[in-house]
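With the sequence up front, the predicted model follows.
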Amino acid sequence: MLVLLVKQKKSVQSKKLIVHYIQSDHPMNRPHVIVNCAMSADGKIALPTGKQLRISSDEDMKRVYELRHQCDAVLVGIGTILVDNPKLTVKDSYVQNPCQPLRVVLDAQGRTPSDAFVVNDAAETVIFTTNQHIKKVHVQRGQVHACPETTQGILDLHYVLSVLFERGIRTLLVEGGSTIIWSFFHEHLVDEFFLYIGSLIIGGDQTPTVAGGQGIVSQKDIIPLHLCNLQQLGTGVLLHYKSRSS
Ligand SMILES: NC(=O)c1ccc[n+]([C@@H]2O[C@H](COP(=O)([O-])OP(=O)(O)OC[C@H]3O[C@@H](n4cnc5c(N)ncnc54)[C@H](OP(=O)(O)O)[C@@H]3O)[C@@H](O)[C@H]2O)c1
């Protein structure tokens, strides 16, 4: 059975309604997690150097900004911060009276530069790092939060989600990069997955793909998805998946 949750969220100029559906048997001690990614027709998400390139059509850019606007928080890994220096805000040229989501960065070694856009005062930011490196990171608005590591030496995503949930975050948009997306799938923490396929080829053996990390070992480890919808969006195609357990 689906429960309709209607949440009111205030922005400076406007109030908006966020409507999202969550299964009643979902363990609601964590936010609803949506992964969004744009890839080329050959499955790459950046240039072979790792640098960003435009894969989304204008129509898809608008969709992504609207999705950000509707989510309570948007999360990326330190790899994406160091390579792309994203602002992770909603542009008012795409969304009128935008609501800026909380920006979340996973950065175990405290490598977020003090002049990175993500730590400016355009929106609140929470950086998760280890106790050891907590003093190295600073944000203009928000917090730096100590986070335990797993036995694999990465930040514990379950802990991250529980902290965000306690802060009132109910919808979390995970925007990358490759290693972070893998970790969320591997931990079975993804509820929805939007994948835009741009009509282009990038190539390159080392070019980042949608899900990097270690990958699975055998057929029994696959992470199955349920394809809910596909549509042409500008010059590319948008796929919408749900996890099989959601
Ligand atoms: N096309 C798209 O839609 C899109 C969107 C975003 C990014 N990208 C591309 O993705 C690439 C960056 O991906 P990336 O894999 O290098 O970096 P990433 O996924 O952004 O960040 C990975 C880093 O996050 C840290 N981390 C902390 N906790 C983690 C956890 N639980 N699981 C995994 N990582 C954790 C690790 O560094 P520490 O150990 O130092 O913490 C790890 O190396 C760039 O080429 C960028 O352009 C593409």
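Happy to help now that I have it. Keep in mind the model is a prediction, meaning the values are calculated, not measured. Residues are numbered from 1 along each chain as shown.

middle-most residue in the chain, spatially?
In the chain, the C-alpha nearest the mean C-alpha coordinate belongs to Val174, at 1.1 Å (C-alpha atoms, centre = their mean).

Quick one: name whatever helix or strand follows the helix or strand where that one lies.
Assigned by DSSP states H and E, Val174 belongs to strand 171-176. Downstream of strand 171-176, the next assigned helix or strand under DSSP H and E is helix 178-186.

Which neighbouring elements make contact with that next one?
strand 32-39, strand 73-77, helix 78-84, strand 171-176 (3 or more C-beta pairs under 8 Å, 6 or more residues apart in numbering; DSSP states H and E). In short, each C-beta sits where N, CA and C put it, glycine included.

Give me the mean pLDDT for the third one.
When you say that, I think you mean helix 78-84. Here helix 78-84 scores 98 as its mean pLDDT.

Average pLDDT for the next helix or strand after that helix, rounded please.
Counting by DSSP H and E, the element after helix 78-84 in chain order, helix or strand, is strand 102-106. In this model, strand 102-106 has an average pLDDT of 98.

residues in contact with strand 102-106?
72-78, 81, 88-89, 112, 118, 123-128, 142, 147, 155, 160, 164, 167, 169, 172, 180 (C-beta atoms under 8 Å, 6 or more residues apart in numbering).

Residue ranges in the chain under the pLDDT threshold?
For the chain, residues meeting the criterion pLDDT under 70 lie at 1-28, 246.

biggest helix in it, by residue count?
Scanning the chain for the helix with the most residues, using DSSP state H, yields helix 58-70.

wait, does it contact the ligand?
No: Helix 58-70 is not in contact with the ligand by C-beta under 6 Å from any ligand atom; minimum separation 8.5 Å.

so that helix versus strand 102-106, what angle?
With axes from the mean of the first three to the mean of the last three C-alpha atoms, to 10 degrees as the criterion, the two stretches helix 58-70 and strand 102-106 enclose an angle of 100 degrees.

and helix 58-70, what other elements does it pack with?
Judged by 3+ C-beta pairs under 8 Å, 6+ apart, the packing partners of helix 58-70 are strand 32-39, strand 171-176, strand 192-197, strand 225-233, strand 236-243.
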